[in-house]
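In: Please work out how this folds:
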Amino acid sequence: MRKIRQALGLAAVLAVFAALLGYFTYRPSYVYFSDDQALIKISFTLGGQRVGKCIRRTRAQLQKLPSHQRKVLICPRERHPIHVEVLIDDKPRYQATVKAAGLSKDGSSKFYHGLVVTPGKHLIVARLIDSGRKTGFDFEVRKTFELTPRQHLIIDFQRDRGGFIFR
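Out: Residues are numbered from 1 along each chain as shown. Okay, the predicted model is just below:
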């Protein structure tokens, strides 16, 4: 008799759990953003240029070193911080300077940010400095997009593909 009550109690608890799970699967409905908005996401990881120049060792210098230390090029590990700006319709909407990750400041800088905009035609300007320069930008692109409601436009950066990529 006791085992039957335990089985019925377990079945009741599982039924309540299943009912709650089913309810929260469909209700309350969640809308990430409304039909009258579009989203621009800035998302990329990039390592800045090295702070110093690489030094090339001569043959005489290499001969003086043990065989396991004979590197021809000696490069500094530290990288410049990366500065990113995004302007939408000539208004600054995102600015960030991110230092290189890691104890030696030799890692990548990570960017992730979302900008909610109204659908329609927008001029987007993306700029980046990765060399430590004080004036101007290392990379800059200006593009016009016609964004539809609930559209996601992603701004990525890949140096080997020429800079900013819009998807």
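
In: List the buried residues for stretch 118-128?
Out: In terms of neighbour count (16 or more other Cβ atoms under 10 Å), stretch 118-128 has its buried residues at 122, 124-128. Using the backbone N, CA and C atoms, a C-beta is placed for each residue, glycine as well.

In: Repeat that for stretch 33-53.
Out: Neighbour-count burial for stretch 33-53, with 16+ other Cβ under 10 Å as criterion, is recorded at 38-42, 44, 46-48, 50-51.

In: which of the residues you listed lies closest to residue 19?
Out: The shortest distance between residue 19 and any of the buried residues of stretch 33-53, using Cβ to Cβ, involves residue 39 and amounts to 34.8 Å.

In: didn't the closest one look like it was pressed against residue 33?
Out: Yes - the pair formed by residue 39 and residue 33 meets the contact definition of Cβ atoms under 8 Å, at 6.4 Å.

In: Show me the common contact partners of those two, please.
Out: Residues touching both residue 39 and residue 33 (Cβ atoms under 8 Å, 6 or more residues apart in numbering): 116, 150.

In: hang on, the earlier thing: now the buried residues of stretch 118-128 as JSON lines including secondary structure and distance to residue 82?
Out: Listed next are the buried residues of stretch 118-128 as JSON lines, based on DSSP: H, G, I helix; E, B strand; the rest coil; distance: Cβ to Cβ, whole Å:
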{"residue": "122", "secondary structure": "strand", "distance to residue 82": "24"}
{"residue": "124", "secondary structure": "strand", "distance to residue 82": "19"}
{"residue": "125", "secondary structure": "strand", "distance to residue 82": "17"}
{"residue": "126", "secondary structure": "strand", "distance to residue 82": "13"}
{"residue": "127", "secondary structure": "strand", "distance to residue 82": "11"}
{"residue": "128", "secondary structure": "strand", "distance to residue 82": "7"}
